[in-house]
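> sharing a model prediction with you, sequence too.
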Amino acid sequence: MTQDELKALVGQAALAYVVPGSIVGVGTGSTVNHFIDALATVRDTIRGAVSSSVKSTERLLALGIPVLQAEEVDSLPVYIDGADEIDARGCMIKGGGAALTREKIVADLAERFICIADESKLVPVLGRFPLPVEVIPMAATQIARRFAKAYGAQAVLRAGVVTDNGNHILDVSGLSITDPLAMEAETSGWPGVVTVGIFARHRASVCLLGTADGVRTIAY
């Protein structure tokens, strides 16, 4: 089974977690695109979606799914999104698509985070995938130096990328994130950091993992 087929499999499986009559939190990325396509088949059973990116919003609207702004809702029963990495505790690295800030905002509205991913994303320790960090442009060099000093890590500006919020992305390699919650808390407080792509406080409740044998469900 190809990686694309695995993504379609988990995207379809995520429909089981959509609450009829509710507003659904929708993430960003290639796996989520498959979920959006699946969601369109049941669009008449939901009130709409809150989206974490311009690209996802465009896809939802094109498929006839109403999109609400985050500020229009008090809470969401579920937020469904992918991950660049996920560990055995449900902590994740996200931000490969540069939407991490809005993803974390929508995740914060949700009662449950349903992660959809293929089995290559499950890792024993986070950090093999470079950690995305959204930064205020004037602070990028300063924050890169701080990652080098604090963690011995290399932070590189993602070339040609401006987030939906008008900021830049640093990709930080050379990390072994054994305590995701502590690192998220520390680095999120550095001046100039908008969002760190560690999702530990907003970790997954459930992971739907696409495997050659079908969808593996991991509950945390």
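Structure's in. What do you need?
> quick check: buried residues in the longest strand along the chain?
The longest strand of the chain (DSSP state E) is strand 110-118. For strand 110-118, burial by neighbour count (16 or more other CB atoms under 10 Å) applies to 110, 112-118. No exception for glycine: its C-beta is placed from N, CA and C like everyone else's.
> dump these to JSON lines, plus pLDDT and distance to residue 24.
Output for the buried residues of strand 110-118, formatted as JSON lines (pLDDT from 0 to 100; distance: CB to CB, whole Å):
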{"residue": "110", "pLDDT": "98", "distance to residue 24": "9"}
{"residue": "112", "pLDDT": "98", "distance to residue 24": "11"}
{"residue": "113", "pLDDT": "98", "distance to residue 24": "12"}
{"residue": "114", "pLDDT": "98", "distance to residue 24": "10"}
{"residue": "115", "pLDDT": "98", "distance to residue 24": "15"}
{"residue": "116", "pLDDT": "97", "distance to residue 24": "13"}
{"residue": "117", "pLDDT": "95", "distance to residue 24": "18"}
{"residue": "118", "pLDDT": "92", "distance to residue 24": "21"}
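> and of those residues, the nearest to residue 195?
In terms of CB to CB, no member of these lies closer to residue 195 than residue 113, at 15.5 Å.
> thought residue 202 was touching that closest one, still the case?
Yes: between residue 113 and residue 202 there is a contact under CB atoms under 8 Å: 6.2 Å.
> residue 158 contacts residue 168, correct?
Yes: Residue 158 is within contact range of residue 168, at 7.2 Å (criterion: CB under 8 Å).
> ok, these two, which is more surrounded?
Comparing residue 158 with residue 168 by other CB atoms under 10 Å, the one with more neighbours is residue 168, at 21 against 18.
> who touches the residue nearest the centre of the chain in this structure?
Among the residues of the chain, the one closest to the centroid is residue 94, at 4.6 Å (CA atoms, centre = their mean). Taking CB atoms under 8 Å, 6 or more residues apart in numbering, we find residue 94 in contact with 81-84, 100, 103, 132, 197, 199.
> from the residues you listed, which is closest to residue 10?
Nearest to residue 10 out of these is residue 82 (CB to CB; 8.6 Å).
> which residue, other than its chain neighbours, is closest to the closest one?
Spatially, and ignoring its direct neighbours in sequence, residue 82 is nearest to residue 31 (3.9 Å; CB to CB, 6 or more residues apart in numbering).
> equivalent analysis for residue 188, please.
Sequence neighbours aside, residue 196 is the residue nearest to residue 188 in space, at 5.1 Å (criterion: CB to CB, 6+ apart).
> joint contacts of residue 113 and residue 202?
Common neighbours of residue 113 and residue 202, counting by CB under 8 Å, 6+ apart, are residue 107.
> so what would you say the end-to-end distance of stretch 44-54 is?
This stretch, stretch 44-54, spans 22 Å end to end (CA to CA, to the nearest Å).
> what about the residue in the chain sticking out farthest from the centre, which helix or strand?
Distance from the C-alpha centroid of the chain peaks at residue 149, with 27.1 Å (CA atoms, centre = their mean). Assigned by DSSP states H and E, residue 149 falls within helix 140-151.
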